[in-house]
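Enquirer: pasted the sequence and its predicted model underneath.
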Amino acid sequence: MYSLYNLKKMNTLLAYIALLAMAFSLVSASDPSPLQDFCVAVNDTHETVFVNGKFCKDPKLATPNDFFFLGLRLPGNTSNKVGSLVTPANVAQIPGLNTSGVSLALVDYAPYGLNPPHIHPRATENLHRLGGHAICGGDVFVFPKGLIHFQLNVGTTKAMAISTLSSQNPGVITIADVVFGSKPAISADVLTKAFQVDKNVVENLQSRF
């Protein structure tokens, strides 16, 4: 009787293990996250071919400089129309980040400076406020992948923040740029109807981008 009970327990355990194995196999079968805006399939390998990410250097040839970047140690120049500057530290600046799934960015804000509404199509962002009074929700704030977000310095002094992002190449799409500054331009009639404003307003905005 005792052996039969143990046998039932063993069968139950094996059933759970089988279910877990099936679950993990389903997860591993999903497509990897893209590391570029699009990747058009080709049938002829003699055509110019891009990979989803970067080619890898022979590990024996790697050097410390592949993992090193000095671009975040100095304040950025915020003398521009929006009063902010984003200095990225992704795979383009730090080759050693390739395949790591992480990157950084330093954001400098002038007094009342704005990091305009934008999205990161390939990454969740964790923003850490280092100084000043930038509005971003708190000292640390998380912006899920693809969510429109912005930061505004509401103080009279400079502000600074550092972002960690969950992709070596998170990408950035600034909303105003793609709506009013796209090439070729989106029809003014389309934007007039979409935003429910006068056509002259739309054409004025388009002329600024």
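Expert: All right, it came through fine.
Enquirer: what about Phe209, neighbour count?
Expert: Residues within reach of Phe209, counting by other C-beta atoms under 10 Å, total 14. Using the backbone N, CA and C atoms, a C-beta is placed for each residue, glycine as well.
Enquirer: again, but for Leu106
Expert: 20.
Enquirer: in the sheet, who's paired with it?
Expert: Thr87, Ile162 (DSSP bridges).
Enquirer: close enough to count as contact, it and Val86?
Expert: Yes - using C-beta atoms under 8 Å, Leu106 is in contact with Val86, at 7.4 Å.
Enquirer: what residues do the two have in common as contacts?
Expert: Shared contacts of Leu106 and Val86 (C-beta atoms under 8 Å, 6 or more residues apart in numbering): Gly76.
Enquirer: who's in contact with the residue lying closest to Asn153 once chain neighbours are set aside?
Expert: Closest residue to Asn153 apart from its sequence neighbours, by C-beta to C-beta, 6 or more residues apart in numbering: Tyr109 at 3.8 Å. Tyr109 sits next to Thr78, Gly83, Ser84, Asn115, Gly132, Ala134, Gln151, Asn153, Lys158, Ala159, Met160, Ala161 when contact means C-beta under 8 Å, 6+ apart.
Enquirer: change it to 7 Å
Expert: Thr78, Gly83, Ser84, Gly132, Ala134, Asn153, Lys158, Ala159 (C-beta atoms under 7 Å, 6 or more residues apart in numbering).
Enquirer: distance to Gly101 and secondary structure for these - can I get that in TSV?
Expert: Converted to TSV, the contacts of Tyr109 look like this (distance: C-beta to C-beta, whole Å; DSSP: H, G, I helix; E, B strand; the rest coil):
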residue	distance to Gly101	secondary structure
Thr78	30	coil
Gly83	31	coil
Ser84	26	strand
Gly132	29	coil
Ala134	26	strand
Asn153	30	strand
Lys158	31	coil
Ala159	28	strand
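Enquirer: nearest to Thr174, of those residues?
Expert: Ser84 (11.4 Å; C-beta to C-beta).
Enquirer: and that closest one, how far is that from Pro75?
Expert: According to C-beta to C-beta, to the nearest Å, Ser84 and Pro75 sit 12 Å apart.
Enquirer: the closest residue to Gly71 other than its chain neighbours - how many residues pack around it?
Expert: Of all residues not flanking Gly71 in the chain, Thr87 sits nearest, at 5.6 Å (C-beta to C-beta, 6+ apart). Around Thr87 there are 18 other residues, counting by other C-beta under 10 Å.
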